[in-house]
Each structure stands twice: as C-alpha cells, then as structure tokens.
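Enquirer: Got a predicted model here, sequence first, then my questions.
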Amino acid sequence: MISPAIHVESKTRSSDAIKQRVILACARAARGVSRLMPVIYEGRIIAWLGWSLRENCAMWTMHHPWMHTLIDEDGLLCSFNSVDDLIYNTTQNGQMRQLWWFKWHGSTSTVSLWSHLYTLAGFPNAGVFNGAAFTARQHTDGEIGALMHGGNVSPKTKHVVSSFTRAEMTSVAVTETFVTVLYDMVTSYDQCNFGNTTATVNFTNTLPALRYTGAGDFGLQIMGCQHVATAGGLTYNALKYTSIGGIAGQTCPTTLVQPSSSGAPGVGAAPVTAFGQIDSSGGDSAILNAPLVNGDTGVTQLDSINYTGPNVGDVNDYILGYQLAWMPIYGGFDYTYAHDYVKQIPSLPRIRDGACLTLAMHFVGGSANKWHGGVNVAWA
C-alpha cells in the first residue's frame, strides 16, 4: 500500500479523475525511485513524480504552463544551445538516429511486478545473463540484447529527443496502466545461486562499472531479476554496496524479499524483478530499485549479500543501471504514446558512449503481448 503523496489537485471534470488514476498507477511503480520523473497522459506531461527516501512515500506536483515558459526563456541545458540548434544539427548535419525496438511476451506476464525485457525475443535479439556467479560483468552497446544507438560521439554528447511506445494486445482493460523504462545496463552479476541456508556471499568486482561513476555523476541504481522461475521466498537480510561517494559496506535500509515468478524467464516470459519490499503489515510490494541509505544517490558496485534461502535452486541476476526515460502506456489496447523530451518533457536524457540500452516494464495486468517502441536520439 502506497503512502499518501504530497499535493494532488482535484477538479470536477471526469478527465481529472482519470489523470489521478494515471498518477497513482505511476506512483505505485515508482517505489524506491528517487529521481524526479514526468507523468504523461494523452501525449502531455500532467505531473512530476518521485519517491522520497526520507518520508518513504511518493511525492508529486501537478504540471503547470508556467513551467514551459521558464524552459523557453532559459534554453536547453545540454550540448544544444537552442531548439534551433537542435533542429539544425539533426536536419543539416544528420546528427540523429531513429531507433526501433520490438519485444514479445510469448506467455502471460506476471501481474504487478517489474519485468526486464533484455532476455525476451524480438529486436534487439534476446540477451543472456551468462556471466560467472556473483562476479561483475560489464555491458556495452556491442553486445546481443542491446539497442544500437549509433556508436560513440565524444566529445559531443548524445541525447534522447523523443520516443514512442505501442502495446499490441487484445484483452487489456481500459483502466490498466503499463510503465516502460529505458535504462542503461552498466554492470550485472549473473546466475547468482542460493542454497537452503543462511549465509553471506561476497561479490567479485575485478571489472569496475564503465559509466556514471565519475566526478559529478549520481551513481547507479540496484535492480534485479530472477534467472529461473522459482517459488520465491529468498530473503535478503543485508544487501551491501559501495556508494557513489566511495563508502563501502553501505546496507540497503529495508528488508527485501524475492517475489515469485509465474513464467520461465527466457522461455517466452520476461524475468521479473528480484526485489519486494516488506511493509509494516508484513506484506511485500514489488520495486524496481533497491532502496539506498538516506543521502546516497547511487552506487558503484555490490559488496556482499547475507541471505536466508528457504528454497534450494533460487538463482537471481543483479543489475546496476541508470534509468533514462519513463514511458507510461494507459487506456487499453492498440494505443500509441509519444513523448517529446525537448518541450513536453524538458529532460533530454543523455546517452553515454558505449551505453547498453535496454528496457524494463511494470505490468498491472498479466498478458501475452507484443510491444513496439522507438527512441530518437540526437547529438551535438
């Protein structure tokens, strides 16, 4: 159950009630995501949403027209000096790439959990978590499973300028909301196997994270997914990491469990998130990111994990990544949602050289569907 969020506008129009349902659905999916993100409805930004680690609840504010005015006056905070400069570089200099992706759930997805689309069939081809257990593996744009984005452009910088997402389905209620996240998978710890015991395992970090760990960076978020379908129940007594500030042995400040998976990952079903957060009533709710110590914006590596394993054969993959853009889909089947990151959502997320772009999706209803999408990037 999500805690009350801060500041909600309510009017008499029925459309406002629908917008609030969209915001609440995104709030449920945003548990633990400390980065401020926009909420989109019918092609327009309607609110800004984030998760407060201090208050442990979702916080949002409704979007207002004056926010656009400030953006128009102040220009774009990136390598483009103005909107005209962006148009010139994409049309005259050809510094733009249109990317397309397609993923297919061959079997029913797991309801109300996050799923990683990296291992699903489609385009890009299915990736594989095949590294050594509990050992850091570096990811780049040259691997199978990564969305190709045109290669390195340094000293220029590359940014997401627009995107679209389309759900091709036949049996989804009009009230269901799906949230897609484009992220850069930087490091993973693959095929981490657990026994029916309580033990501590150290992670091996011979290969460091390649991106988002330098001066001025916010660090990476800890995500995860099941490597094989299990009954779940694995409890993380202490998941420790090194923060972006260089402090080793930081412990995630909550009890995390592994939710169950109804599909076999890699056999038509996307692997679901490995994290559920225990609430005050003893139940758990799925989250995309593991919560961090208050004040930590991100991590550079995983250090160790102490676990209690009631099921022999639990195997998980742990991911360190950086989320770039959130793309909600609302209103039933066969709808296409487009997002403009220049004016509509003034963020222009930067894609680093070598970024391994992939996707995660939060499903409200379980379904066997085909998902289409596109990402337009430009650089200067």
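Expert: Alright, I've got the coordinates.
Enquirer: which residues does the closest residue in space to Arg31 that isn't next to it in sequence contact?
Expert: The shortest distance from Arg31 to any non-neighbouring residue, by CB to CB, 6 or more residues apart in numbering, is to Ile287 (4.5 Å). C-betas here are computed from N, CA, C, even on glycine. Counting by CB atoms under 8 Å, 6 or more residues apart in numbering, Ile287 makes contact with Arg31, Gly32, Trp114, Thr273, Phe275, Gly276, Gln277.
Enquirer: Show the model's pLDDT score for Ile287.
Expert: For Ile287, the pLDDT comes out at 84.
Enquirer: Could you do Thr135 as well?
Expert: Looking at Thr135, its pLDDT is 97.
Enquirer: same deal with Val377?
Expert: Model confidence at Val377 (pLDDT) stands at 91.
Enquirer: mind listing what's buried in stretch 287-298?
Expert: Ile287, Leu288, Asn289, Ala290, Pro291, Leu292, Asp296, Thr297, Gly298 (16 or more other CB atoms under 10 Å).
Enquirer: Kindly state the beta-bridge partners for Ala136.
Expert: Under the criterion DSSP bridges, Ala136 forms beta bridges with Tyr189.
Enquirer: show me the contacts for it.
Expert: Thr187, Ser188, Tyr189, Phe203, Thr204, Asn205, Thr206, Leu207, Pro208, Ala209, Gln301, Leu302.
Enquirer: Report the buried members of those residues.
Expert: Buried among those (16+ other CB under 10 Å): Thr187, Ser188, Tyr189, Phe203, Asn205, Ala209, Gln301, Leu302.
Enquirer: out of the residues you listed, which are inside strands?
Expert: Using DSSP state E, the subset of the buried ones among the contacts of Ala136 located in strands is Thr187, Ser188, Tyr189, Gln301, Leu302.
Enquirer: What separation do you get for the nearest residue to the first one once chain neighbours are set aside and Ile244?
Expert: Distances taken as CB to CB, 6+ apart put Leu320 closest to Thr187, at 4.2 Å, once the chain neighbours are dropped. Counting by CB to CB, to the nearest Å, the gap between Leu320 and Ile244 amounts to 11 Å.
Enquirer: need the contact list for the residue nearest to Thr187.
Expert: Counting by CB under 8 Å, 6+ apart, Leu320 has contacts Met185, Val186, Thr187, Ser188, Ala209, Leu220, Gln221, Ile222, Met223, Val299, Gln301, Leu302.
Enquirer: The first one: neighbour count?
Expert: When you say that, I think you mean Met185. Residue neighbour count, defined by other CB atoms under 10 Å, stands at 27 for Met185.
Enquirer: quick one: it from Val228, how far?
Expert: The value you get for Met185 to Val228, if CB to CB is used, is 19 Å.
Enquirer: quick one: least confident helix or strand in this structure?
Expert: Least confident helix or strand of the chain, by mean pLDDT, DSSP states H and E, is helix 65-74 with a mean of 46.
Enquirer: Would you verify that Lys19 is located in a helix?
Expert: Yes - looking at Lys19 with DSSP: H, G, I helix; E, B strand; the rest coil, it is inside a helix.
Enquirer: Confirm for me that it is in contact with Ile46.
Expert: Yes - using CB atoms under 8 Å, Lys19 is in contact with Ile46, at 5.2 Å.
Enquirer: Please produce CSV containing the contacts of Ile287, extended by secondary structure and pLDDT.
Expert: Putting the contacts of Ile287 into CSV (DSSP: H, G, I helix; E, B strand; the rest coil; pLDDT from 0 to 100) gives the following:
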residue, secondary structure, pLDDT
Arg31, coil, 73
Gly32, coil, 67
Trp114, strand, 84
Thr273, strand, 78
Phe275, coil, 82
Gly276, strand, 78
Gln277, strand, 77
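Enquirer: List the residues that contact the residue lying closest to Gly224 once chain neighbours are set aside.
Expert: Nearest non-adjacent residue to Gly224, counting by CB to CB, 6+ apart: Ala274, 3.3 Å away. The neighbourhood of Ala274, defined by CB under 8 Å, 6+ apart, consists of Gly224, Cys225, Gln226, Gln258, Pro259, Asn316, Asp317, Tyr318.
Enquirer: Among the residues you listed, which has the minimum pLDDT value?
Expert: Of all these, Pro259 carries the smallest pLDDT score, 73.
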